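> Sequence first, predicted model second:
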Amino acid sequence: MSILLLRFSLILLFYYRGFLFEEIGKPISLPTKIFLMICGAIKSRARSFSYQKLLPWQPVPNLSATIKKYLETVRPILDDEKYSEMELQAKEFEHGAGQTLQWKLWMKWMISSNYVSDLWKEVVYLRGRDSLIVSNVGCGDLIYSQATTNQAARAACVTLLKMNYIRDVFVKDCLKPVTMGAPLCNSQLVDFNRTLRIPQKDCDVTIKLPQTYHIVVYHKGCWYKIVVHNGKRLIRPAELERALQLIIDADNRPDSGERLLSSLTAGPRELWAKIRNEKLADGLNKESLWAIESSLEIVFLDDQETGYDPNDPSAFANEVALALHGDGYQMWCDKPSVYMFTKNGRFLSQAEHSVADAMVLVQIREYIKYHEAYLKPYGQDGHCVGEIEFLPKPERLHWELDSETKTAIDHAYRIAKSVGDNLENTILVWEDYGKDFIKKSRVSPDAYCQMAIQLTYFKDQGKFDLTYEPAVLRLYKDGRTETVRSCSTKSCDFVRAMLDQNSDDSARLQLLKIACDAHQDYYRQAMAGRGLDRHLFALAVLAHHYKIEAPFLSNVFGMKYKLSTSQIPQHQMAEFAGKLNKDRSMFWPGGGFCCPEGSNYGICYSIAPTGDVLSFHISSWKNLEHTDVNRFAKCFRESLRDMKIMVDNATKK
């Protein structure tokens with residue numbers, strides 16, 4: 001009885017959200033002090049999944065509050081006439097169909113671990129019928145350091161480090177939980193591990209894979225299988241390096257159709273479902289396909305050289321682009337973890353997005369880069385250190401593909417290649433200042449970056465548009481993300497002041513602080529489960545399911561986010577953050593995402609913990625006539641420079 005009472009007390013404790021709203025520089029409130037003291041007392045012995053059954057359910061927001069907040073967010077976007085129409089529709093919805101849908105959503109809340117996450121996964125991701133290149137995530141390597149330039153050594157060490165991470169989380173249970181004041185849900189780690197997306201005609205599904213002991217490797221059009229266990233132990237990096245070098249040195253020719261086979265996963269989902277079910281479901285093809293899909297890791301060994309050049313933004317942009325689209329065939333879009341290693345040892349990765357968000361991928365990268373940098377797994381010659389007691393033998397995977405299958409492969413490749421060819425991206429690494437300077441102006445670094453993005457977008461497009469930024473909802477069980485609408489009346493006031501030659505810098509700084517404070521409040525409200533987008537999304541899905549007419553919801557989701565942004569967090573893991581945060585060479589710009597459908601630009605940014613670097617990956621599409629990533633990057637530099645001058649001038653007075 002006492003244990004049940006303790007568990008119930010902790011669940012109630014973790015519902016507390018007051019800590020999110022404490023103002024920096026002011027005394028912490030007594031309730032927050034008590035909350036943090038209790039969390040600190042129980043955190044010392046906690047491990048990755050210690051809190052999982054204690055996390056609260058994500059609350060369903062109040063309908064009136066959601067509609068009020070929505071109208072506030074579209075006020076700077078709509079003219080008076082359109083806003084009045086939207087306001088009228090909102091009131092009709094609130095007092096009509098909205099009441100019915102809200103009640104149905106409450107019913108779902110009562111029987112679900114999370115009222116929206118399953119709907120989000122299915123509708124936003126699994127029902128997508130087009131190429132997954134557009135929705136998947138791609139990451140480049142570090143820009144200020146590289147552990148080794150040896151391709152086989154890097155691939156071997158990184159691949160095994162990722163397996164060690166999975167072992168430490170799920171077998172040894174020896175890693176501390178990631179927290180943000182309060183514990184975060186780790187269900188995405190479970191979903192990420194051993195999950196496969198299966199193509200279906202109308203809506204894909206995800207399945208959990210059985211335990212296997214091999215990886216698969218792709219090189220020069222050929223697929224190989226390597227068993228990475230010798231008895232009960234995982235093979236050593238030096239042993240796997242030797243096996244990978246055998247593949248690199250091999251003079252094998254791919255089977256007919258094999259070279260571009262993986263393009264099927266990047267093409268239309270219905271085509272991939274048809275070929276998988278009809279042509280790859282038995283015999284040799286089934287065996288080879290299962291080897292790939294059930295593997296512990298998929299590794300692509302690429303013949304290109306990539307990297308970061310401070311004098312040529314296109315170098316790292318090309319690296320991220322390769323991670324995103326794999327030239328149309330060097331990818332396996334159904335897996336949440338796919339690694340690519342270039343000829344000069346650069347580490348790129350791809351991830352299927354339906355099962356996990358960026359924070360999970362960042363944790364794995366953080367684990368890998370810490371062990372690469374500080375545990376010295378490479379010798380001075382660039383090879384993996386360690387004895388070789390066992391040499392795993394690569395096994396060729398073979399295929400028997402008929403003409404219909406090869407035609408489908410070619411069709412999928414053309415579509416995947418066209419998506420990659422249409423992608424336009426660049427990278428802006430800003431080294432003039434970072435978060436240390438931003439904090440001097442007493443605003444949030446994230447909010448500052450968002451205001452810089454708003455200023456740049458207005459310079460580039462000449463208007464304000466809906467802007468998307470994800471906030472973490474993992475304070476709740478099975479929570480994923482909530483939308484922060486970064487374009488607000490207050491951000492617009494700041495932008496206008498920056499472009500008004502008659503406005504003085506003190507007034508501009510004051511407007512910047514007001515805009516940043518409003519943005520931070522929105523972000524905190526979203527983290528606390530009081531956002532509006534996921535609530536309206538869930539209501540819209542229910543309206544569609546129950547065939548309830550809701551013109552208001554149709555108009556809400558008819559308005560596209562013209563600007564999509566996302567910050568890549570740095571160094572979340574308590575074991576490694578202290579050392580990594582002080583090491584500038586460990587700064588990782590992350591990567592990026594393709595500009596979402598309906599958007600003009602997609603911006604993925606990182607804020608260096610060392611306080612002196614900001615990075616921004618900017619993406620768009622070449623077939624959009626009114627966008628240009630290089631023009632946007634030029635405007636961005638101007639905005640960052642102008643904002644610094646403004647802050648300096650205002651703080652001198």
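Happy to help now that I have it.

> The closest residue to residue 364 other than its chain neighbours: what's it in contact with?
Leaving out its chain neighbours, the residue that sits closest to residue 364 by Cβ to Cβ, 6 or more residues apart in numbering is residue 165, at 5.6 Å. The C-beta positions use only the backbone N, C-alpha and C, and glycine is treated the same way. Contacts here follow Cβ atoms under 8 Å, 6 or more residues apart in numbering; on that basis residue 165 touches 363-364, 367-368.

> and which of those is nearest residue 266?
residue 364 (22.4 Å; Cβ to Cβ).

> so what's the closest one up against?
So residue 364 contacts 162, 165, 337 (Cβ under 8 Å, 6+ apart).

> got a markdown table for the residues you listed, with secondary structure, distance to residue 330 and pLDDT too?
What follows is the contacts of residue 364, written out as a markdown table (DSSP: H, G, I helix; E, B strand; the rest coil; distance: Cβ to Cβ, whole Å; pLDDT from 0 to 100):
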| residue | secondary structure | distance to residue 330 | pLDDT |
| --- | --- | --- | --- |
| 162 | helix | 18 | 98 |
| 165 | helix | 24 | 97 |
| 337 | coil | 15 | 94 |
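
> Show me which of those residues is closest to residue 569.
residue 165 (16.9 Å).

> before we move on, the earlier item: any chance of the contacts of residue 364 in TSV, plus distance to residue 515?
Below are the contacts of residue 364 laid out as TSV (distance: Cβ to Cβ, whole Å):
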residue	distance to residue 515
162	40
165	39
337	38
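
> Tell me the one of the residues you listed nearest residue 14?
For the contacts of residue 364, the residue nearest residue 14 by Cβ to Cβ is residue 165; the value is 25.9 Å.

> Show me the helices in the stretch 351-500 of the chain, by range?
Applying DSSP state H, counting those that start in this stretch to the stretch 351-500 of the chain gives helices spanning 358-374, 403-422, 435-440, 445-461, 489-499.

> Apart from its chain neighbours, what residue comes closest to the most centrally placed residue in the chain?
Residue closest to the average C-alpha location in the chain (Cα atoms, centre = their mean): residue 358, at 2.8 Å. Excluding its sequence neighbours, the residue lying closest to residue 358 (Cβ to Cβ, 6+ apart) is residue 568, at 6.0 Å.

> And that neighbour, how far from residue 241?
In this view, residue 568 and residue 241 are 29 Å apart by Cβ to Cβ, to the nearest Å.

> Comparing these two, which residue is more hemmed in?
A direct count of neighbours by other Cβ atoms under 10 Å for residue 568 and residue 241 places residue 241 higher, at 25 against 22.

> right, and residue 498 touches residue 650 too?
No. Under the criterion of Cβ atoms under 8 Å, residue 498 makes no contact with residue 650, lying 12.0 Å away.

> Residues that sit against both of these two, list them.
Shared contacts of residue 498 and residue 650, defined by Cβ under 8 Å, 6+ apart, are found at residue 508.

> okay, the two: which has more neighbours?
Neighbours were counted for residue 498 and for residue 650 using other Cβ under 10 Å; residue 498 has more, 22 against 17.

> Next up, the contacts around the more buried one.
Counted by Cβ under 8 Å, 6+ apart, residue 498 has contacts 455, 508, 639, 642-643, 646.

> repeat for residue 179
Residue 179 is in contact with 39, 43, counting by Cβ under 8 Å, 6+ apart.

> do you know how far it is from residue 546?
From residue 179 to residue 546 the distance is 39 Å (Cβ to Cβ).

> now the contacts of residue 165 as JSON lines including pLDDT and distance to residue 73?
Shown next, in JSON lines, are those (pLDDT from 0 to 100; distance: Cβ to Cβ, whole Å):
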{"residue": "363", "pLDDT": "94", "distance to residue 73": "31"}
{"residue": "364", "pLDDT": "95", "distance to residue 73": "34"}
{"residue": "367", "pLDDT": "96", "distance to residue 73": "37"}
{"residue": "368", "pLDDT": "97", "distance to residue 73": "38"}
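
> Could you identify the most distant pair in those?
Once Cβ to Cβ is applied, the contacts of residue 165 give 363 and 368 as the farthest pair, at 9.8 Å.

> Looking at those two, which has the bigger crowd around it?
Per other Cβ under 10 Å, whichever of residue 363 and residue 368 has more neighbours is residue 363, with 25 against 22.

> I'd say the more buried one and residue 178 touch.
Yes. With contact defined as Cβ under 8 Å, residue 363 counts as touching residue 178 (6.6 Å).

> Find residues that contact each of those two.
Shared contacts of residue 363 and residue 178 (Cβ under 8 Å, 6+ apart): 572-573.

> follow-up on the earlier one: to residue 599, which of the helices of the stretch 351-500 of the chain lies closest?
Using Cβ to Cβ, these put helix 445-461 closest to residue 599, at 11.0 Å.

> Give me the helices and strands touching the closest one, please.
Secondary-structure packing of helix 445-461 (3 or more Cβ pairs under 8 Å, 6 or more residues apart in numbering; DSSP states H and E): helix 435-440, strand 467-472, helix 489-499, helix 505-527, strand 563-567, strand 601-607, helix 629-652.

> relative orientation of it and helix 489-499 in degrees?
Interaxial angle, helix 445-461 versus helix 489-499 (axes from the mean of the first three to the mean of the last three Cα atoms, to 10 degrees): 60 degrees.

> From residue 363, how far off is the residue nearest to residue 364?
In terms of Cβ to Cβ, residue 165 sits 8 Å off from residue 363.

> Kindly report the same for residue 226.
Per Cβ to Cβ, residue 226 is found 25 Å from residue 363.

> so where's this protein uncertain?
Residue ranges of the chain with pLDDT under 70: 1, 653.

> domains of it?
2-45, 62-125+529-558, 137-422, 431-528+560-653 (automatic domain parsing).

> Which one of those domains lies nearest to residue 131?
Here domain 137-422 is closest among those (Cβ to Cβ), at 5.1 Å.

> follow-up on the earlier one: my read is that the residue nearest to residue 358 contacts residue 603, right?
No. Residue 568 is beyond contact range of residue 603, at 11.0 Å (criterion: Cβ under 8 Å).

> And the helices and strands packed on helix 445-461: which comes nearest residue 279?
Nearest to residue 279, of all the helices and strands packed on helix 445-461, is strand 601-607, at 34.8 Å by Cβ to Cβ.

> sorry, back to before: which residues are in contact with the residue nearest to residue 358?
If a contact means Cβ under 8 Å, 6+ apart, then residue 568 has 358, 362, 588-591, 604-606 as its contacts.

> Serialize the contacts of residue 498 to JSON lines and add fields for neighbour count and distance to residue 132.
Output for the contacts of residue 498, formatted as JSON lines (neighbours: other Cβ atoms under 10 Å; distance: Cβ to Cβ, whole Å):
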{"residue": "455", "neighbour count": "25", "distance to residue 132": "33"}
{"residue": "508", "neighbour count": "22", "distance to residue 132": "43"}
{"residue": "639", "neighbour count": "22", "distance to residue 132": "33"}
{"residue": "642", "neighbour count": "16", "distance to residue 132": "39"}
{"residue": "643", "neighbour count": "23", "distance to residue 132": "37"}
{"residue": "646", "neighbour count": "21", "distance to residue 132": "42"}
